[in-house]
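K.L.:
Fold the stuff below for me.
(2 chains)
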2 protein chains.
Amino acid sequence: MSATIKSVAEYAGVSIKTVSRVINNEGTVKQDTLVKVQNAIAALNYKPNKAARDLAGRDNYVLGYVYDNPNAYYILAMQNGILDECRACGYELLIHPCDANSHSIIDELLAMVESARLAGVILSPPLSEMPDILSALDEKGILYVRIMSGEEALGTKHPCVLVNDFRAAFAITEHLIKQGHRDIAFIAGEQKHNSTRERQRGYLSALQTYGIDVQHAHMLQGTYSFGTGVEKIKQLLAQSDRPTAVFACNDEIAAGALFGARMEGVDVPSQLAIAGFENSPFSRQTFPPLTTASQPTAQIAQQATASLIQSLQSRRRGGNTQVGASHVFVPELVVRESTSR
Amino acid sequence: MSATIKSVAEYAGVSIKTVSRVINNEGTVKQDTLVKVQNAIAALNYKPNKAARDLAGRDNYVLGYVYDNPNAYYILAMQNGILDECRACGYELLIHPCDANSHSIIDELLAMVESARLAGVILSPPLSEMPDILSALDEKGILYVRIMSGEEALGTKHPCVLVNDFRAAFAITEHLIKQGHRDIAFIAGEQKHNSTRERQRGYLSALQTYGIDVQHAHMLQGTYSFGTGVEKIKQLLAQSDRPTAVFACNDEIAAGALFGARMEGVDVPSQLAIAGFENSPFSRQTFPPLTTASQPTAQIAQQATASLIQSLQSRRRGGNTQVGASHVFVPELVVRESTSR
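P.N.:
Numbering: from 1, shown residues only, chains lettered A, B, ... in the order given. Now for the predicted structure:
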């Protein structure tokens, strides 16, 4: 027999309404009452999902996650982070992958919000970085939260979670330089992602800081895929002046580069160092494991969802929806064998 | 300017209602009219999503996908297959990962269907194989489709898509036997999945067919994870009578086994052959690439979704919801270098 909101209220000696306020993070509960309710929830192992919805009545408790990204692990980690927060607050999640370049993208998103009666929308790059989409949502009064690459949130009226790709890419490049490398190639993913440009900026800034000239023939452009890694490493290894290290814009490219290097008979790390970005599960599973930057994607997604739900609750109480400062995450350098000296 | 249902109707010389019938696969449109409308849709590059929803009025056009599975690529492929069909028919998708072992799982699923006003539910293993869940959904009149491992659909009143794991596992084991192996280890995933038991049955049946004794010390039990592969291969290689081949129950286990073998200085395939199952993207990306069984997960998911939507449309017309025979997919053997002689 699982716990109900009623049993939690009885256990804590408070009203059902108070328990509901705690579950919905309404912020109007006194500290000692809050602790009592939280203890009761823990003691009874109470799962608030259903109750939160029962209390919600006619309110809508479905959020939408809209994305255009082919990276399986990124999408899964995003979904997991969003779902964790949804579960804690009694929300369900609708997913809507789409083509950011489609010229009917705005109609598509507005139709989705309306037909599924969404309470709010979570946007990840590149959609979160497209002004037309944001103004269309604004015009319809649809609440959203953005996850973006950058150091500060420009022109945002809505909650925003920032990922400081610049600083993380600087740290990876600096690590390679400190391992003695002077000729470090860069393999980029799609330029439509701001994160690509930020990572490239971090790479260039580190080279400049250490007085190293940029080798333009060693800066290559591709997609965020294993195939790009395989193809571009072959191109680099065919040049007369081979780089001694490669910074790949994500782990999939890095894994492809590792595979391609092995096909060419080049040993990693003794003949070529390779670093990735994102700390995908498989970055630990390549042989040798990959140096990378740990991007806490699930945590970023959870923070974004929490900010969106806070806005929703604020709006339901008739308050300001532009609540909460923007949050910044800096991916951390993770050194593994693929860049050992 | 994107095409509208009205422009399609004008182009085809039919009524808007007829276009709507075609979009919703209502099956009440004459063959030559159907062709006219399909040609008009193609000529105008018409995207029916929004229009289908506009016409849908008060009907609900959101499906739910419920799963308990940690395999990132499986989940993504399932989602993609479902979304392809949803998009074609004007549906949106809600996702609800859950813990199949939770004792409030039934309440949780019923609350989800109600609060998000779902039109129907797609169930993958192990949820699709749990009679309690199915009868609870039946009782509430909730439409669902099941994806299951097996050779025939037992006791099903609802549409069902079957995956013949038995036959595919037989084929993998037979391939290893034909490569000259007599001592083939088996590393299983969780037994709660019927597919695990079916794959094991296929393995044992192939050994029996070729008159090979089962080595019980070489049949190991784990989870569908890279970690299980690393751990179990070490266990096998520590035995005095090492197997010469390993059949891992999925590609993640196989990739872990490959990693573990390399850590132990054992060459694949010359000293040990390794085969996986599922044909995950990374099964082509290991070094050497893995022999596996190609399970068309996205196609399976798309077929399941099409069957569910057919049931829904049949119900809307007041017809029988138990439409369509069950479909069977047999994963195909894909031979790669990890099992070369």
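
K.L.:
Can you read off the pLDDT for the residue lying closest to A:Asp213 once chain neighbours are set aside?
P.N.:
Leaving aside its sequence neighbours, A:Asp213 sits nearest to A:Leu207 (Cβ to Cβ, 6 or more residues apart in numbering or on different chains; 7.6 Å). For the C-beta atoms, the positions are set from N, CA and C on the backbone; glycine is no exception. pLDDT, A:Leu207: 98.

K.L.:
cool, A:Gly155 as well?
P.N.:
So, for A:Gly155, pLDDT stands at 63.

K.L.:
Please apply the same query to A:Ser15.
P.N.:
pLDDT recorded at A:Ser15 is 78.

K.L.:
where does it fall, phi/psi-wise?
P.N.:
Dihedral pair for A:Ser15: phi -80, psi 160, per degrees, to the nearest 10.

K.L.:
Got phi/psi on A:Leu134?
P.N.:
Dihedral angles (degrees, to the nearest 10) for A:Leu134: phi -60, psi -40.

K.L.:
In contact with it: list those residues for me.
P.N.:
A:144, A:146, A:158 (Cβ atoms under 8 Å, 6 or more residues apart in numbering or on different chains).

K.L.:
How about A:Phe277?
P.N.:
Residues in contact with A:Phe277 (Cβ under 8 Å, 6+ apart) are A:168-169, A:172, A:199, A:247-251, A:254, A:292-293, A:295, A:331.

K.L.:
If we only consider those, which is nearest to A:Asp68?
P.N.:
Nearest to A:Asp68 among those, counting by Cβ to Cβ, is A:Asn250 at 15.6 Å.

K.L.:
So what touches stretch A:206-218?
P.N.:
For stretch A:206-218, contacts defined as Cβ under 8 Å, 6+ apart pick out A:169-170, A:173-174, A:177, A:182-186, A:204, A:236, A:239, A:241, A:243.

K.L.:
Widest-spaced pair of those?
P.N.:
Pairwise distances across those (Cβ to Cβ) peak at 25.4 Å, for the pair A:Phe170 and A:Gln239.

K.L.:
Which one's more surrounded, the two?
P.N.:
A:Phe170 (21 against 12; other Cβ atoms under 10 Å in any protein chain shown).

K.L.:
ranges for the strands of the stretch 51-200 of chain A?
P.N.:
For the stretch 51-200 of chain A, the strands defined by DSSP state E, counting those that start in this stretch occupy A:62-67, A:92-97, A:120-123, A:144-149, A:160-163, A:184-188.

K.L.:
so where's the stretch 101-250 of chain A uncertain?
P.N.:
Counting by pLDDT under 70, the ranges of the stretch 101-250 of chain A that qualify are A:154-156.

K.L.:
near chain B, which residues of it?
P.N.:
With Cβ under 8 Å from any Cβ of the partner chain as the criterion, the stretch 101-250 of chain A comes near chain B at residues A:103-104, A:107-108, A:111-112, A:114-117, A:226.

K.L.:
one more time with 6 Å, if that's ok
P.N.:
Proximity of the stretch 101-250 of chain A to chain B, by Cβ under 6 Å from any Cβ of the partner chain, involves residues A:104, A:111-112, A:115-116, A:226.

K.L.:
May I see the domains of chain A written out as residue ranges?
P.N.:
Domain ranges of chain A: A:5-48, A:62-164+A:297-331, A:165-295+A:333-339, per automatic domain parsing.

K.L.:
Can you check the pLDDT for A:Glu11?
P.N.:
For residue A:11 the amino acid is Tyr, not Glu. A:Tyr11 is assigned 87 on the pLDDT scale.

K.L.:
Next: A:Tyr73.
P.N.:
On the pLDDT scale, A:Tyr73 gets 83.

K.L.:
isn't it right next to A:Glu278, touching?
P.N.:
No: taking contacts as Cβ atoms under 6 Å, A:Tyr73 lies outside contact range of A:Glu278: 7.5 Å.

K.L.:
circling back to that earlier point, tell me which of the contacts of A:Leu134 is nearest to B:Leu123?
P.N.:
The closest of the contacts of A:Leu134 to B:Leu123 turns out to be A:Tyr144 (Cβ to Cβ; 31.0 Å).

K.L.:
burial count for that closest one?
P.N.:
Neighbour tally, A:Tyr144, other Cβ under 10 Å: 26.

K.L.:
Once you drop chain neighbours, what's closest to A:Lys192?
P.N.:
A:Lys192 sits nearest to A:Pro126 (Cβ to Cβ, 6+ apart), 5.0 Å away.

K.L.:
who's in contact with the one you found?
P.N.:
A:100, A:192-193 (Cβ atoms under 6 Å, 6 or more residues apart in numbering or on different chains).

K.L.:
now these as JSON lines including neighbour count and distance to A:Tyr46?
P.N.:
JSON lines is the format used below for the contacts of A:Pro126 (neighbours: other Cβ atoms under 10 Å in any protein chain shown; distance: Cβ to Cβ, whole Å):
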{"residue": "A:Ala100", "neighbour count": "17", "distance to A:Tyr46": "40"}
{"residue": "A:Lys192", "neighbour count": "14", "distance to A:Tyr46": "45"}
{"residue": "A:His193", "neighbour count": "23", "distance to A:Tyr46": "41"}
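
K.L.:
ok, A:Thr286 to chain B distance?
P.N.:
Computed as Cβ to the nearest Cβ, to the nearest Å, the A:Thr286 to chain B distance reads 9 Å.

K.L.:
Could you pull up the residues touching that residue?
P.N.:
Taking Cβ under 6 Å, 6+ apart, one finds A:255, A:258 in contact with A:Thr286.

K.L.:
How is it assigned, secondary-structure-wise?
P.N.:
Following DSSP: H, G, I helix; E, B strand; the rest coil, A:Thr286 is assigned to coil.

K.L.:
do you know how far it is from A:His175?
P.N.:
When distance is defined by Cβ to Cβ, to the nearest Å, A:Thr286 is 18 Å away from A:His175.

K.L.:
helices or strands up against the host helix or strand of A:Leu236?
P.N.:
Following DSSP states H and E, one finds A:Leu236 within helix A:226-237. Applying 3 or more Cβ pairs under 6 Å, 6 or more residues apart in numbering or on different chains; DSSP states H and E, we find helix A:226-237 packed against helix A:251-263.

K.L.:
and the helix it packs on, which residues are buried?
P.N.:
A:251-261 (16 or more other Cβ atoms under 10 Å in any protein chain shown).
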